[in-house]
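[1] here is a sequence together with a model predicted from it:
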Amino acid sequence: MDDFLVIDHVSKTFGTQRAVDSVSLNVVKGEAFSLLGPSGCGKTTLLRMIAGFERPDSGRILVNGQDITALPPEQRPVNTVFQNYALFPHLSVWENVAFGLRMSRRPREEIRSGVDRMLELVRLSEHARKRPAQLSGGQRQRVAIARALVNRPQVLLLDEPLAALDLKLRQHMLMELNTIHEQVGTTFIYVTHDQGEAMSLSSRIAVMNAGRVEQVDSPAHLYETPRTSFVASFIGDANFFTGTAVEFQHEGYVRVFVDGLGSPLVLSNGTVASNQPLRLMVRPEKISLTLARPSSGERVNAFRGVVEDRAYFGTHTRYRIRAGEHSILAQLQRSRFSGGDIDPARGAEVWMSFHPDEGRVVRLEAAS
Amino acid sequence: MSTASRTSRQWLLTLPSLTWLAVFFVIPAILVILTAFRPADLQGGVGPGWTLDTLHELNDPAYLPILWRTFSLSAATTLICLVLGLPVAFQMARAGQRLRQVLLLLVIIPFLSNFLIRIFAWKSLLHPEGPLTKLLISLQLIPENAVLLHHSGTVLLVLVYTQLPFAILPLYAAAEKFDLGLLDAARDLGAGPWRAFAKVFVPGVRRGLISAAVMVFVCCLGQYVIPQMVGGASDEMLGSKIAQRVFSDRNLPHASALAGGLMLAVLVPMLIVALWQQFGRKEES
């Protein structure tokens, strides 16, 4: 079996609040996996249950086939990089990294070589004798990573690893974390509320909301084919329209009646029933803007609108376009202007259009 | 604001407390030490002129056991107070806001009644006809004819009782600033709860430990009421001897010499600790 870390119907309630609600996840060995969601979605509680700081009310947690649900944190083959790093202020960098090996009473020589090798990996060898207070934020974080990895954990948990760093350092550490993951090959579990972080750090992401997992998928799949409106809005920007399915076509397309926009043709998610209210999602950058009605036939969904707002961001320009009741967000890359797209000014009348493959039907709620 | 005017403002602010310390501590301390070099007169006062006779009198082997008892009792009290106070401070720091207030109040409550009254209370508690003695005898925990009062164990017990809050308060102040998340980190790295406490919490509150130890030890050194009231004839501490020289022997120079010696014995180690801490702080920052 490929599943290395198995979370099996785990629930945890604090008082009357169901922090984690029957969550099941399977993580493959060596994978970089993210738990992504807004604050209070249960991701941190789930992490603390994997680390052993909280005991689930029900369900099991397995690592490499071993049930660790009842083990105290010190007996788990799991180590954590804490959000504020939690370095021991009274110990030097070297002693911080050596702490775990000392606790497991390894031979002196093994401790020395293990710590030295780990400090080399995170490029902190020349700071070995310093106290944590003498280091910069990025260096402290690398100490925290080394201190956890030196114990050769089966699973490394990283709790908001970049939240305490400033923007520039964050982008640098993002690359650094990917490099470290590639070098050690340990299973990494990130907890983050930042979709950008999750997407660039992990091969798969579990999007959590209100104690439940909404969708587990690769970053590209989450972005391109979100299953719920929560996932669609949490990862990237999205335009949502409420409508009803009126006509099913071959190859999974469905025509959806949206009040004020006509009946665009979009990709169905396979679970659409006719005459049921549903939600349609289009990403802003999938919308084209033209002066004349696009003429590529009936397989293009086109609407008229008036530009209400325009904002230039360097890499792209965003437009807020009013079409009757609807306020639609469109985003254009500079380079696309050459392909027939225009850069309309505020108040201009334009045609918006998107291809049926770019429209998605999403569920209002996660399946139970 | 310029550095110069800020420095002078700081001096101005510390002036009241400096004056207080000078008038009520430094000057009397110097007077005490000077008195040790004056001859005693028969009325219990100080005679004219200067002499080194009192210092020669101090060279009396009878003082050695008293000195040893004073230091060993103080050290034992300090150790017991730290061992008892550390877990209390730890739990107080871990407790919720409300429970913490209650615990803090409970630690402070003994100060609301007079020190002497509390010692008298122990005296009647431990009296052969007292409730505690009777209870322990009826539970057959101590023999019928046991005497709880008037031996060195009693002195130690009451010393620990009076000094414990002075250990708990600085320990709590340090424990409150301690990041309890560090204990999670220690557990995560393979330390059991006890090792996490010993390897991370104890070093984390070491400044509080030093303050508590100095506080308790110094307060113990000067005690004379406790050994006099609950101790036996052979439980005299240096403080008892000083009191005896003042009140019954009426020999002020001799009492001053003892008091001055004790004062130096306390101040010099404290100065060393203070300098060491100053040095340690500089090294860390």
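    Now that the structure is in, tell me what you want to look at. If you're wondering where the values come from, they're calculated on a predicted model, not measured in any experiment.

[2] show me where chain B dips below the pLDDT cut-off.
    B:1-3, B:280-285 (pLDDT under 70).

[3] revised request: answer the last question for the stretch 1-150 of chain A.
    In the stretch 1-150 of chain A, residues with pLDDT under 70: A:1-2.

[4] flag every residue of it that's near chain B.
    A:51-53, A:72-74, A:78-80, A:82, A:84, A:86-90, A:99-100, A:103-104, A:131, A:133, A:147-148 (C-beta under 8 Å from any C-beta of the partner chain). Where C-beta positions appear, they are placed from N, C-alpha and C, glycine not excepted.

[5] now, which of these lie within helices?
    A:51, A:99-100, A:103, A:147-148 (DSSP state H).

[6] contact partners of stretch B:233-246?
    B:63, B:66-67, B:69-70, B:73, B:150-152, B:154-155, B:221-224, B:227-228, B:251-252, B:254-255, B:258-259, B:262 (C-beta atoms under 8 Å, 6 or more residues apart in numbering or on different chains).

[7] and the residues of the stretch 1-150 of chain A next to chain B, which are buried?
    Listed as buried from those are A:51-52, A:73-74, A:78-80, A:82, A:84, A:86-90, A:99-100, A:103, A:131, A:147-148; burial here means 16 or more other C-beta atoms under 10 Å in any protein chain shown.

[8] so residue A:19, which of the three states?
    strand (DSSP: H, G, I helix; E, B strand; the rest coil).

[9] which residues touch the residue nearest to it when sequence neighbours are not counted?
    Of all residues not flanking residue A:19 in the chain, residue A:45 sits nearest, at 4.3 Å (C-beta to C-beta, 6 or more residues apart in numbering or on different chains). The contact partners of residue A:45, by C-beta under 8 Å, 6+ apart, come to A:12, A:14, A:19-20, A:54.

[10] swap the cut-off to 10 Å and go again
    A:10, A:12-14, A:17, A:19-20, A:23, A:53-54, A:56, A:191, A:208, A:211 (C-beta atoms under 10 Å, 6 or more residues apart in numbering or on different chains).

[11] show me the contacts for residue A:138.
    Residue A:138 neighbours (C-beta under 10 Å, 6+ apart): A:162, A:164-166, A:168-170, A:172-173, A:176.

[12] how about CSV for those residues, with distance to chain B, secondary structure and neighbour count added?
    Below are the contacts of residue A:138 laid out as CSV (distance: C-beta to the nearest C-beta, whole Å; DSSP: H, G, I helix; E, B strand; the rest coil; neighbours: other C-beta atoms under 10 Å in any protein chain shown):
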residue, distance to chain B, secondary structure, neighbour count
A:162, 18, coil, 24
A:164, 13, coil, 15
A:165, 18, coil, 18
A:166, 22, coil, 10
A:168, 26, helix, 9
A:169, 22, helix, 16
A:170, 22, helix, 18
A:172, 24, helix, 13
A:173, 20, helix, 21
A:176, 21, helix, 17
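
[13] closest to residue A:245 among these?
    Nearest to residue A:245, judged by C-beta to C-beta, of the contacts of residue A:138 is residue A:162 at 41.8 Å.

[14] the helix or strand containing residue A:59 pairs with which strands?
    Residue A:59 belongs to strand A:58-63 when elements are defined using DSSP states H and E. Paired neighbours of strand A:58-63 in the sheet (DSSP bridges): strand A:3-14 (antiparallel), strand A:66-67 (antiparallel).

[15] count of neighbours near residue B:269?
    The number of residues packed around residue B:269, counting by other C-beta atoms under 10 Å in any protein chain shown, is 13.

[16] remind me which helix or strand it belongs to.
    Using DSSP H and E, residue B:269 falls in helix B:252-284.

[17] give the buried residues for that helix.
    B:252-262, B:265-266.

[18] tell me what that helix is packed against?
    Here helix B:252-284 touches helix B:27-35, helix B:53-58, helix B:63-94, helix B:206-221, helix B:238-247, going by 3 or more C-beta pairs under 10 Å, 6 or more residues apart in numbering or on different chains; DSSP states H and E.

[19] let's have the ones you listed in TSV, adding mean neighbour count.
    Output for the helices and strands packed on helix B:252-284, formatted as TSV (neighbours: other C-beta atoms under 10 Å in any protein chain shown):
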stretch	mean neighbour count
helix B:27-35	14
helix B:53-58	14
helix B:63-94	18
helix B:206-221	20
helix B:238-247	19
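
[20] so which of those helices gets nearest residue B:113?
    Closest among those, using C-beta to C-beta: helix B:206-221, at 17.7 Å.

[21] is that closest one positioned near chain A?
    Yes. Remark: helix B:206-221 sits within contact range of chain A at residue B:206, by C-beta under 10 Å from any C-beta of the partner chain.

[22] send me that helix as PDB with only the CA atoms.
    Coordinates of each C-alpha in helix B:206-221 appear next as PDB, following Å, rounded to 0.1, in the frame of the first residue of the first chain:
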ATOM      1  CA  ARG B 206      17.000  30.200  36.100                       C
ATOM      2  CA  ARG B 207      16.900  34.000  36.800                       C
ATOM      3  CA  GLY B 208      13.900  33.500  38.900                       C
ATOM      4  CA  LEU B 209      15.700  30.600  40.700                       C
ATOM      5  CA  ILE B 210      18.600  32.800  41.500                       C
ATOM      6  CA  SER B 211      16.400  35.600  42.800                       C
ATOM      7  CA  ALA B 212      14.400  33.200  44.900                       C
ATOM      8  CA  ALA B 213      17.500  31.600  46.300                       C
ATOM      9  CA  VAL B 214      19.100  34.900  47.300                       C
ATOM     10  CA  MET B 215      15.900  36.200  48.700                       C
ATOM     11  CA  VAL B 216      15.300  33.100  50.900                       C
ATOM     12  CA  PHE B 217      18.900  32.500  51.900                       C
ATOM     13  CA  VAL B 218      19.500  36.100  53.000                       C
ATOM     14  CA  CYS B 219      16.200  36.300  54.900                       C
ATOM     15  CA  CYS B 220      17.100  33.100  56.800                       C
ATOM     16  CA  LEU B 221      20.600  34.200  57.800                       C
END
